[in-house]
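> need a 3D model of the sequence below.
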Amino acid sequence: MNHFLACGVAGTALDGAERRLLRELVPGGVLLFARNVASREQLAALVAELRALPGPPLISIDLEGGRVNRLRGVIGPLPSAAQAAAAGAEACHALGRAAGAACAYFGIDVDLAPVVDVAWPGGWLAGEGRCWGGDARAVTSFAGIFLAGLESYGVRGCLKHYPGLGTGAVDSHRELPALGDGVREEEEVFRVLATPQRAVMVAHAICPQLGDGFAPASLSATVVGRLDGVSCGLVLADDLEMGALAGWGGVGERAAAALGAGCHQVILSNLLEERAPLAAYVNRAAAGDRPLALRLQRGKERVDAFRRGVALRRVSWSEVERAADAARRLAGGTA
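The predicted structure is shown next:
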């Protein structure tokens, strides 16, 4: 089992070759994207097939609301975090319930939300509508309310992007951000909101304020190690394909570095032909690196425990529709 790999799949159904690959690879997680969603019935069938794989893998999706809504095609648009926060606590809770109801209906274990970065002036994320506020107190409050709604359906949340991308001036999908002093305040949001039932996603960003001015946070044992005393369930490195990691080798090398730094899983979203080579690279590296092998063993234990704890509620489609309608109504629209 390659518990350390959370990967994408190609389309709206598994063909024979991909099914065989996944059964041999046994990834610890599968991420769903808009390319995997054609209809309500199709998505339910795809998730059922994924849940029947060995493991089974944790199934995750990005469902923040606003522009990051992989289920838009079946549940419609949802308000962004910024819109919900502007409308108040009830709207934030409703957005969490809408995400939770949809994930639970389809059998999706983890929503890769909420973003708990602070929308600092001049930061790239501030213009995306994905943040809950411009200070740590507001983010902690509104993101916590969203999580309460999400978790009422048994769905796990994921706090991102540790230690906080709010001061970064560039998009880490394309470039490597350098974080400012506000990252110390953002890191505290993660510490407050972390629980064993919530995952944490680590960003690709340089943060010398936290002890490492060279390696991106996701590849830094110094920065990831700051989570050792934090009560979180699972630590994931953000997508290894992102431009921020362009100077750190191929995806196999990046994966080994992130896992060696203390992440429990790494994400590979689109380079599907690299799924098996990435896993092979990490396993070869661990065979000659005792500390990495120990990290992988501890990571497997953490992934297994996190997966066992998921208990999704049974939800009707009418409840999903009502929850989505309530989120739109209370926030006064969508983004």
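
> next up, the contacts around the closest residue to A221 other than its chain neighbours.
In space, and not counting its chain neighbours, A221 is closest to A261: 4.5 Å by CB to CB, 6 or more residues apart in numbering. Just so you know, the C-beta spots here come from the backbone N, C-alpha and C atoms, and that holds for glycine as well. Going by CB atoms under 8 Å, 6 or more residues apart in numbering, A261 touches 215, 218-221, 223-225.

> could you report the neighbour count for the nearest residue to L71 once chain neighbours are set aside?
Counting by CB to CB, 6+ apart, L71 lies nearest to A102, which is 5.5 Å off, once chain neighbours are set aside. A102 has 29 neighbours, counted by other CB atoms under 10 Å.

> how far away is the most far-flung residue of the chain relative to its centre from A256?
In the chain, the residue that sits farthest from the middle, by CA atoms, centre = their mean, is G288; the gap is 29.9 Å. Computed as CB to CB, to the nearest Å, the G288 to A256 distance reads 11 Å.

> for A6, give the beta-bridge partners.
Note on A6: beta-bridge partners by DSSP bridges are G29, I267.

> my guess is it contacts H264, does it?
No. Assessed by CB atoms under 8 Å, A6 is found out of contact with H264, at 9.7 Å.

> chain center to whatever helix or strand A45 lives in: distance?
Using DSSP states H and E, A45 maps to helix 40-51. Centroid separation for helix 40-51 versus its chain: 20 Å, with CA atoms, centre = their mean, to the nearest Å.

> can you list residues touching both of A6 and H264?
The contact lists of A6 and H264 share L236, where a contact means CB under 8 Å, 6+ apart.

> so the residue nearest to L71 sits in a strand?
No. Looking at A102 with DSSP: H, G, I helix; E, B strand; the rest coil, it is helix, so not inside a strand.

> I'd say it and E321 touch.
No. Assessed by CB under 8 Å, A102 is found out of contact with E321, at 9.6 Å.

> okay, and the common contacts of these two?
The contact lists of A102 and E321 share I75, where a contact means CB under 8 Å, 6+ apart.

> all helices of the stretch 1-150 of the chain, in order?
Applying DSSP state H, counting those that start in this stretch to the stretch 1-150 of the chain gives helices spanning 16-25, 40-51, 72-75, 81-87, 89-106, 136-151.

> among those, which is the most enclosed?
helix 89-106 (a mean of 27; mean count of other CB atoms under 10 Å).

> quick revisit: now the helices of the stretch 1-150 of the chain as TSV including distance to L159 and mean pLDDT?
Listed next are the helices of the stretch 1-150 of the chain as TSV, based on distance: least, CB to CB, whole Å; pLDDT from 0 to 100:
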stretch	distance to L159	mean pLDDT
helix 16-25	27	97
helix 40-51	24	97
helix 72-75	23	96
helix 81-87	13	97
helix 89-106	13	98
helix 136-151	8	98
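
> wait, which of those is closest to R174?
Closest to R174 of the helices of the stretch 1-150 of the chain, according to CB to CB: helix 81-87, at 21.8 Å.
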